[in-house]
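> here you go, sequence then predicted model.
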Amino acid sequence: MRRSEVQTAIDQLSQQIESCQQALLDEALPEDAKLNIQAQMERQQGELEELKALLDTLPEEEVPEDEEEVPEDEEEVPEDADYTYTPWTLWTLLDDWKNYKKREVYQVRKQKEALGITVVGTEGGQYKFDTSLTGRSNAMGVLNAFAMGVLDPASSKVHWKFADGTFADITYEQLKELSMFTLIYLEQLFQAEGAHYAAIDALEDVDAVKMYNANDGWPSNQFDGRSL
C-alpha cells in the first residue's frame, strides 16, 4: 500500500469523525441516534489510529524528476460555511430519524387502540366500549350466548358495563354492530400505521422527516347514532 493512499484514507476518516462531532451538537437529534453516531465515531477513531500507525511504517514516496508539482489554488472558504454533515452522516441521520418517526407512529397507534370506541347514543349519552383483548372476548362471549339460544336475540338485552364504568341495556344487534365496528376500527389502525411507515420511507430529507405529522390520517373511534 502506498503512503499517499493511506494518507487519503486518514484524511477521509478525519472528516467523517469531525462531521460526527458536529452532528452530536444537534439538540433536536434523538438520543438513540446520538448513541449510534457516538458508536460509529468511536469505531472510526480506532481505525484512524491504526492507519496512522501504518503510515509511520511506510517509506516516503519518491517524486519522479519529470513530474512537476502543480500548486493548488487555495480556495477561500466563507466564515459561515456549513460543514455540519457529510453525505455519510446525512444518511445516518436520515435513517435514524425515520426509525424515530416510525416509533412515534407506533406509539400513536397504541394510544388510539387503547382509547376504546366512543359510543354516542341518539339521546346524547356517551359510553366507552373496551377495545382491549379482554373487552373483545367479553363481547364475543355474549354474542355466542345469543347465537346458542342462551339469550333470545329478538327480546333479550344485556346490562352492559362499559370501560368508563357506565351501564346501558344493549340488544344483540347493537352489540353485534359495535363488535364489528371495533374489529374494523382496529384493522384500520394497522392500515394507517403501515401507510405512515411507507410515507416516512419515501422521504429523502432529514427536515422533512422531522416535520412529518404522525397524528394525521387515523380513523375515527366514534360509533354514532345508536339508541343506548
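Now that the structure is in, tell me what you want to look at.
> for the protein, just list every one of the strands.
For the chain, the strands defined by DSSP state E cover 117-121, 126-129, 157-161, 167-171, 222-226.
> quick one: those strands as CSV, columns for mean pLDDT and distance to residue 179 too.
The C-beta positions use only the backbone N, C-alpha and C, and glycine is treated the same way. Formatted as CSV, the strands of the chain follow (pLDDT from 0 to 100; distance: least, CB to CB, whole Å):
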stretch, mean pLDDT, distance to residue 179
strand 117-121, 82, 10
strand 126-129, 86, 9
strand 157-161, 84, 11
strand 167-171, 84, 11
strand 222-226, 70, 11
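> of all those, which one is nearest residue 191?
Across those, residue 191 has its closest neighbour in strand 117-121 (17.1 Å, CB to CB).
> centre of the chain to the closest one, how far?
30 Å (CA atoms, centre = their mean, to the nearest Å).
> so which elements touch that strand?
Counting contacts by 3 or more CB pairs under 8 Å, 6 or more residues apart in numbering; DSSP states H and E, strand 117-121 is packed against strand 126-129, helix 172-202, strand 222-226.
> nearest to residue 60, of the ones you listed?
Minimum separation from residue 60 across those (CB to CB) falls at helix 172-202, 49.6 Å.
> quick one: work out the angle between that closest one and strand 167-171.
100 degrees (axes from the mean of the first three to the mean of the last three CA atoms, to 10 degrees).
> any idea of the angle helix 172-202 forms with strand 117-121?
With the same axes, to 10 degrees defining the directions, helix 172-202 sits at 140 degrees from strand 117-121.
> confidence score at the most centrally placed residue in the chain?
Against the mean C-alpha coordinate of the chain, by CA atoms, centre = their mean, the closest residue is residue 102 at 1.3 Å. Model confidence at residue 102, expressed as pLDDT, equals 91.
> now the one 5 residues further on
As predicted, residue 107 sits at a pLDDT of 92.
> and what of residue 29?
pLDDT recorded at residue 29 is 69.
> which of the helices and strands packed on strand 117-121 sits closest to residue 214?
helix 172-202 (6.4 Å).
> packing partners for the closest one?
Using 3+ CB pairs under 8 Å, 6+ apart: helix 172-202 touches helix 87-115, strand 117-121, helix 133-147, strand 222-226.
> same list (these) but as JSON lines, adding distance to residue 169.
Formatted as JSON lines, these follow (distance: least, CB to CB, whole Å):
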{"stretch": "helix 87-115", "distance to residue 169": "24"}
{"stretch": "strand 117-121", "distance to residue 169": "11"}
{"stretch": "helix 133-147", "distance to residue 169": "13"}
{"stretch": "strand 222-226", "distance to residue 169": "12"}
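> pLDDT weak spots in the protein?
Counting by pLDDT under 70, the chain has low-confidence residues at 1, 28-29, 61-92, 121-124, 225-228.
> any idea how far residue 151 lies from residue 170?
Distance, residue 151 to residue 170, by CB to CB, to the nearest Å: 12 Å.
> these two - which one has more neighbours?
Neighbours were counted for residue 151 and for residue 170 using other CB atoms under 10 Å; residue 170 has more, 24 against 17.
> domain parsing for this structure?
With automatic domain parsing as the criterion, the domains of the chain are listed as 3-61, 107-226.
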